[in-house]
Structures are given as C-alpha cells and as structure tokens.
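Colleague: What follows is a predicted structure for the sequence shown.
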Amino acid sequence: MRNLGRCLLGVLAVALRQPDSTQVQPFRRALTCVRSLLDFTMMAQYQCHTPETISYMKEYAMQFHETKDIFLEFRISKRTQEKVDELCKELRRQRTQMRERVPPSQRRRICDNDHEGENAQHLELIHSKSNFNFVQMHLISHFRDHTHMFGNILMYSTVYSEFAHEEQIKDGWRISNKIDAARQILSSYGRQHAICMRFWNLEFLQRAGADLPTKVVEHLEKTRPAPTPPAYRRILKGRRDNIHDVVHFARVCNISPKMICQELIRYSQLSLPPEHRLPVILRALPVELLTQLEIPVLAFQESGVYDVHRARCMRARFFRNQTSRNDCILIQAGEENMYGALRGCLPARLIALFKIRSGYMQQDTVYRLAGVQFMSLVDSRQPSDVHGLVTVQLRDVTRELTIVDIGTILGLAHLIPETYTHCRWLVNRRINLRTLNEIY
C-alpha cells in the first residue's frame, strides 16, 4: 500500500488530465483530496517533528476531510445499492408514463432532462446514505496528539512485528512435521534464540580480552558476517569488452564521432581545470563502456544510512529479455535558484556510461562520465495548482547528447508519462521523503 501511494497522485493526474466543462470541479476536488492524504502520510513518516511539521499534518488532514466527500459514491453498501436500484426503477416507470402524454418532437429534450435529474437524485441518495465511518479513517484525527505525547509514529508501526513473524513462527512451521506444531515452533525458536545469545556473549568476551579456546575463536571468525563497505561513492558496473576508443564508442551508441568529440571538448573546457583537461586529439583515447551506475543517496533524517539507486543504460542490449533500458536520472545542473521549482535539478535520460583515459599510459587520469539527454520544464516553472506536479519534456533534438561527470547525478528520477503521443512527463516528488523535501 505504501508503494502504491508513491505514484498514485501522478497516475490520477494523468487519468484526469482532460476534463470537460462539467468535470473540471469534481476532478480538481478529487486531486486535492488525494494530494492532501498523500502529503499527510508522507509527513507522518518523519522520524523527528517540529511544531511546523505537526501543523502541516493538521492542515493536510483538515483539507482531506473537507474534500473526501467526492469519493462517497464509491462507498456504497449493499443496502444503499438496493435503494438506488429501487429509485431507478421508479424513475423509469415515471418517465415511461410521461412520454405517453408528450408529443414525439419533445421526447428527446425531456429524455435528456430526465437523465440529468436521475443522476442528481442518485448522487443525493448515495451521499445521504454513504459515509467514511471506519477505524482507519478515525485514527487520522489522533496522529497529531499522538506525536505530541509519544514521539514519531514509526516507532509504533506494525511492520516490524510482522517481519518478526517470519522468523518466530513461519520458519518453525515450515520445518515442523505439522503434528503438535505449536510445541515444535516454540522449541525450535527457543534453541535459535539461545544459540544467538551464546554467540553474542562469546563475542563480548572476545572483545573484552577473555582467554577463549582456539576452536571457539576459529568458529566465531567463520560465522562473523563480512563487513559491508560504506556506501559513499558512485560505482560503475557492467563493463562491455568490445569497446576500445572514442570512434568505436560512438558507433555502438549510434552517435556521430564528431558530436562525441564536441561534447568531450565542451565538458573539458567547462568542468576541468586547465592542467587536467583532455588532449586535443580525442578519437583514439581509450574508452570503457559500462551499463550500470550505483548512486548512494543519503536517507532522509539519517546520518549514515544510504539508499542505493541503480541507474541502468543498456542501449541496444536487452534487459532481462525485454526491451532496452535507459533510466531517467536527476542531475544537479545549476544553482538552487535555477530551473524554478526543481531548484537547480533537471531530469535527464541516461544515454551512456563510460570511462575515458586522458592518455595511453596506466598512470594517466581516468574520467568517469555519463552521456545524457536533458529535459526542460514545460510552460511555467512552478508546480500545477491542481495536482502540484511539474511537467517536463525532452529538449530540442539538435542537442541530443550532453556529457556530465557522474558526481553530478543525484539519483533516479521518477517520471510519469503524461501522454503517449508526446514526450512529456510529470516529475513525481512523492516517491520518498528526501525527494519530497529537496525537489520543489
């Protein structure tokens, strides 16, 4: 359900993008309702709160309750549906009786008026009989007071206890013989817990300098998990062995060598100091083409926890026996006051990932670069006042490739296609808390 909420507003905005004159207000109200609920859920996921964030939660909850009646027609109970069916039958009977007393030339106009009146009576009956009286909807009103009294709501999430069921109950059930399973589950988990406690005690004694038997020390070394390196740098993976120089690289990427060289010169002049710039002759420089970039993104309100975004660029190669994959990424393209609501960031389509060496010697500098196709903001640079999202589109084809350093890539961009006939997308800012706070 949480993953569904990350893309719900963008998908709904695309589905309701072309209302007629009678649908403008209902569609706007529906988008406002969904937007308020999603913003409330995102604010509730904060690990620490301030009076400002709590006031935001209250504001979003009030706005949601004011607009949720737009979805009352989808909360019909069986009893209400029976009353609606009875009303339809009665209206049809009355309509048939009225047609018999009306000339044929006026029947069409009266039929249209009857349909409008019938729809209005349906909605009135549904709104009078339907409601949102269920526990989950009522709990929203207590989140603000709960945060004031007990701290952030994530500490009381049931997700962690549900994860514990896998180890405490489900694994024991699978290895039991299903006869008197409860006793076997308790016995199995009890032994596992005792062994874990024993390991922790031995590790504590070893760190404290206690004299442990040699076999115990060897066993502790074997069972100790290998330390994972901290995710603090971008890593290129998926090397392709059939690339040797810039000309061959341009042929594989289906881009003219002249354009590649022009972009390399532009990158060298604008981004590198004079003493580290690329040489004038570029066509024969060694190039290594790669297919994946791992980008560590610091988790929101965390100091040492990273989410790893894996951006893939397969070009003509298939990804998992499907079509080729070229992910969309966010690039720090300017200062924070640039590009309007995107605050210095621009989405781009990943065209190529490669390493290029400044010379032919092993000690020469290696540059880790990416070829991208930038997107531009559509119309005004501010979010839409209806759904609160920014629309972007591909730039002019005359600049189909721009070379940037992989250090400027901030992470994956979550774009929702607005239409399938034009290259336009909605930039989804509710994919995670960091994007919600850093992108407009």
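Modeller: Looks like it arrived, so ask away.
Colleague: so where's the stretch 1-150 of the chain uncertain?
Modeller: For the stretch 1-150 of the chain, the stretches flagged by pLDDT under 70 are 1-2, 97-123, 125-127.
Colleague: Could you do the stretch 251-400 of the chain as well?
Modeller: Low-confidence segments of the stretch 251-400 of the chain (pLDDT under 70): 315-323, 362, 380, 396-399.
Colleague: ranges for the helices of the stretch 1-150 of the chain?
Modeller: 2-15, 24-44, 51-67, 78-100, 104-129, 135-139, 143-150 (DSSP state H, counting those that start in this stretch).
Colleague: Give me the buried stretch members for the third one, please.
Modeller: Buried residues in helix 51-67, counting neighbours by 16 or more other Cβ atoms under 10 Å, are found at 54, 56-57, 60-61, 63-65, 67. In this view, the C-beta of every residue, glycine as well, is placed from N, C-alpha and C.
Colleague: which of these lies closest to Ala284?
Modeller: Proximity of the buried residues of helix 51-67 to Ala284 was ranked by Cβ to Cβ; the top entry is Tyr56 with 57.4 Å.
Colleague: Do I have it right that Thr291 meets Cys313?
Modeller: Yes. Contact criterion Cβ atoms under 8 Å: Thr291 and Cys313 qualify, at 6.0 Å.
Colleague: More neighbours: the two, which one.
Modeller: Neighbours around Thr291 and Cys313, counted as other Cβ atoms under 10 Å, are more numerous at Cys313. The numbers are 27 against 19.
Colleague: quick revisit: residues bridging contact with Thr291 and Cys313, i.e. touching both?
Modeller: Leu353 (Cβ atoms under 8 Å, 6 or more residues apart in numbering).
Colleague: which ones are touching Val14?
Modeller: Per Cβ under 8 Å, 6+ apart, neighbours of Val14: 416-419, 426.
Colleague: Make a PyMOL selection of whichever of those turn out to be buried.
Modeller: The PyMOL selection below is limited to those of these classed as buried (16+ other Cβ under 10 Å):
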select buried, resi 416+418+426
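Colleague: Let me have the contacts of Val14 in JSON lines, adding distance to Arg368, secondary structure and pLDDT as columns.
Modeller: Listed next are the contacts of Val14 as JSON lines, based on distance: Cβ to Cβ, whole Å; DSSP: H, G, I helix; E, B strand; the rest coil; pLDDT from 0 to 100:
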{"residue": "Ile416", "distance to Arg368": "30", "secondary structure": "strand", "pLDDT": "90"}
{"residue": "Pro417", "distance to Arg368": "30", "secondary structure": "strand", "pLDDT": "89"}
{"residue": "Glu418", "distance to Arg368": "33", "secondary structure": "coil", "pLDDT": "83"}
{"residue": "Thr419", "distance to Arg368": "35", "secondary structure": "coil", "pLDDT": "74"}
{"residue": "Leu426", "distance to Arg368": "31", "secondary structure": "strand", "pLDDT": "90"}
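Colleague: any chance of the contacts of Val14 in JSON lines, with distance to Leu212 too?
Modeller: As requested, these are exported to JSON lines (distance: Cβ to Cβ, whole Å):
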{"residue": "Ile416", "distance to Leu212": "58"}
{"residue": "Pro417", "distance to Leu212": "61"}
{"residue": "Glu418", "distance to Leu212": "64"}
{"residue": "Thr419", "distance to Leu212": "68"}
{"residue": "Leu426", "distance to Leu212": "60"}
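Colleague: Looking at the contacts of Val14, which is nearest Arg93?
Modeller: Thr419 (44.9 Å).
Colleague: This structure: strands as residue ranges?
Modeller: Ranges of strands in the chain, per DSSP state E, are 235-237, 287-290, 292-298, 306-312, 328-332, 345-357, 366-377, 390-394, 402-405, 409-412, 415-417, 424-427.
Colleague: pLDDT value on Ile431, please?
Modeller: pLDDT for Ile431: 86.
Colleague: Please report the distance of the closest residue to Tyr156 other than its chain neighbours from His49.
Modeller: Leaving aside its sequence neighbours, Tyr156 sits nearest to Phe150 (Cβ to Cβ, 6 or more residues apart in numbering; 7.4 Å). Phe150 sits 11 Å away from His49, going by Cβ to Cβ, to the nearest Å.
Colleague: ok, now Asp327?
Modeller: In this view, Asp327 and His49 are 34 Å apart by Cβ to Cβ.
Colleague: ditto for Cys253
Modeller: As judged by Cβ to Cβ, Cys253 and His49 stand 48 Å apart.
Colleague: Now do the helices in the stretch 151-300 of the chain.
Modeller: Going by DSSP H, counting those that start in this stretch, the stretch 151-300 of the chain shows helices at 159-165, 171-175, 181-207, 214-223, 246-252, 257-271.
Colleague: Redo those helices as TSV? Include mean neighbour count.
Modeller: Shown next, in TSV, are the helices of the stretch 151-300 of the chain (neighbours: other Cβ atoms under 10 Å):
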stretch	mean neighbour count
helix 159-165	10
helix 171-175	13
helix 181-207	12
helix 214-223	10
helix 246-252	18
helix 257-271	16
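Colleague: Using a markdown table, lay out those helices together with distance to Gln301.
Modeller: Below are the helices of the stretch 151-300 of the chain laid out as a markdown table (distance: least, Cβ to Cβ, whole Å):
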| stretch | distance to Gln301 |
| --- | --- |
| helix 159-165 | 18 |
| helix 171-175 | 33 |
| helix 181-207 | 29 |
| helix 214-223 | 34 |
| helix 246-252 | 41 |
| helix 257-271 | 32 |
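Colleague: Pop the domain breakdown of this structure in here.
Modeller: Domain assignment for the chain by automatic domain parsing gives 2-156, 161-223, 235-438.
Colleague: Can you give me every residue that contacts Gln63?
Modeller: Gln63 is in contact with 32-33, 36, counting by Cβ under 8 Å, 6+ apart.
Colleague: Could you rerun that using 7 Å?
Modeller: 32, 36 (Cβ atoms under 7 Å, 6 or more residues apart in numbering).
Colleague: what about the nearest residue to Leu272 once chain neighbours are set aside, distance to Ala348?
Modeller: Spatial nearest neighbour of Leu272, excluding adjacent residues (Cβ to Cβ, 6+ apart): Leu278 at 7.4 Å. As judged by Cβ to Cβ, Leu278 and Ala348 stand 22 Å apart.
Colleague: Compare the two (neighbour count), which wins?
Modeller: Neighbours of Leu278 and Ala348, each counted by other Cβ under 10 Å, are more numerous for Ala348; the result is 25 against 20.
Colleague: Could you double-check that that one sits in contact with Gly371?
Modeller: No. In terms of Cβ atoms under 7 Å, Ala348 does not count as a neighbour of Gly371; the distance is 9.7 Å.
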